[in-house]
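In: I'd like to go over a predicted model; first the sequence, then the structure.
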Amino acid sequence: MPMTLSEIAEQMRDIDICTLATRAPSGAIAARPMSNNREVDFDGDAWFFTLDSTATVPQIEADANVGVTYQRSGGVKGLVGRPGPFFHVEARADLVRDRAAFAAHWHKDLDHWFEQGIDTPGIVLIHARAQRVHYWDGEDSGEIAV
């Protein structure tokens, strides 16, 4: 039985760090860890803060197709020593520079990285809208369109 978006969201809730992949100017895949801020109800949208000065921003401006990969720690139930489950999200990204959006998606843990909060110069919010979600939970795998 294929997983639903709400089942995927429940499993993703405890994941803090994920990987955001973009296309570098050379055509290579560029990936970096990003915070999912835990306890986020995944509805097909993911939100990440970054700075204009990072390579991520011009890469998204050049190609809005991104990948976001999540792995839940602790292994797959019933499969000792195996990592997972894994979720890979194919998404289209937008760059948001709106303070109201910053405030709506701010989490106190971000204060470590952005000392001036939503007033940090050059702060940008990445809005990744899922197109497809691929999953593997140790036994079942599949994908859903979002």
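Out: Structure received. Numbers count the residues shown, from 1 in each chain.

In: paired strands for the longest strand along the chain, with orientation please.
Out: Using DSSP state E, we find that the single longest strand of the chain is strand 123-136. Strand 123-136 pairs in its sheet with strand 45-51 (antiparallel), strand 86-96 (antiparallel), strand 141-145 (antiparallel), by DSSP bridges.

In: turn the ones you listed into CSV, columns for mean pLDDT, mean neighbour count and distance to N36.
Out: No exception for glycine: its C-beta is placed from N, CA and C like everyone else's. Listed next are those as CSV, based on pLDDT from 0 to 100; neighbours: other CB atoms under 10 Å; distance: least, CB to CB, whole Å:
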stretch, mean pLDDT, mean neighbour count, distance to N36
strand 45-51, 95, 19, 7
strand 86-96, 96, 19, 11
strand 141-145, 91, 13, 19
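
In: which regions of this structure lie under the pLDDT threshold?
Out: 37-40, 73-84 (pLDDT under 70).

In: switch the cut-off to 80
Out: Low-confidence segments of the chain (pLDDT under 80): 1, 14, 36-41, 72-84, 137-140.

In: which stretches of it form helices?
Out: 5-12, 56-62, 99-105 (DSSP state H).
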